[in-house]
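# below is the structure, and that's it, no one-letter string:
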């Protein structure tokens, strides 16, 4: 049975998608400013910015997640995505529209992992009484 103090997987996935969009957009902007760098050179800074987005979305939905856990979830998802692209280079070819830093096929497992990590590290701000 699910813990009522934790968000559903769908809620966590929405927050991760919002944080991933912020992280990906900022990463693309940084690479546009400094073209000699790669997207992964900015991974920590953009994951922290994405974690702020995750926290804002979850706070709006009356949940709370520590910034460190949200950033760690986004970084873990990025690591899984990189490992998949290294293991199977054909998966990294196409980008998801709106997510220039994420590959089309390699991002699915990373989004699932990130959403699950956010889900297990998030709690409700106030306990609900039924």
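Good, I have the coordinates. From a predicted model like this one, the values you see are computed outputs, not experimental measurements.

# in the chain, which helix or strand is least confident?
Scoring the helices and strands of the chain by mean pLDDT, DSSP states H and E places strand 99-103 at the bottom, with a mean of 55.

# run the chain-centre distance for whichever helix or strand comes after that strand.
Note on strand 99-103: by DSSP states H and E, the next helix or strand toward the C-terminus is helix 107-120. Helix 107-120 has its average C-alpha position 7 Å from the chain's average C-alpha position, going by C-alpha atoms, centre = their mean, to the nearest Å.

# what's the answer for stretch 121-128, then?
That offset, for stretch 121-128, works out to 20 Å (C-alpha atoms, centre = their mean).

# pLDDT of it, averaged?
For stretch 121-128, the mean per-residue pLDDT is 74.

# and it, which residues are buried?
121-124 (16 or more other C-beta atoms under 10 Å). Where you see a C-beta, it was placed from the backbone N, CA and C, and this is true even at glycine.

# same for the lengthiest helix in the chain, what does it pack against?
Across the chain, the longest stretch assigned as helix under DSSP state H is helix 9-33. Other helices and strands packing on helix 9-33, by 3 or more C-beta pairs under 8 Å, 6 or more residues apart in numbering; DSSP states H and E, are helix 43-60, helix 67-87, strand 99-103, helix 107-120.

# return the distance of that helix from the chain's centre.
Put simply, helix 9-33 sits 6 Å off its chain's centre (C-alpha atoms, centre = their mean).
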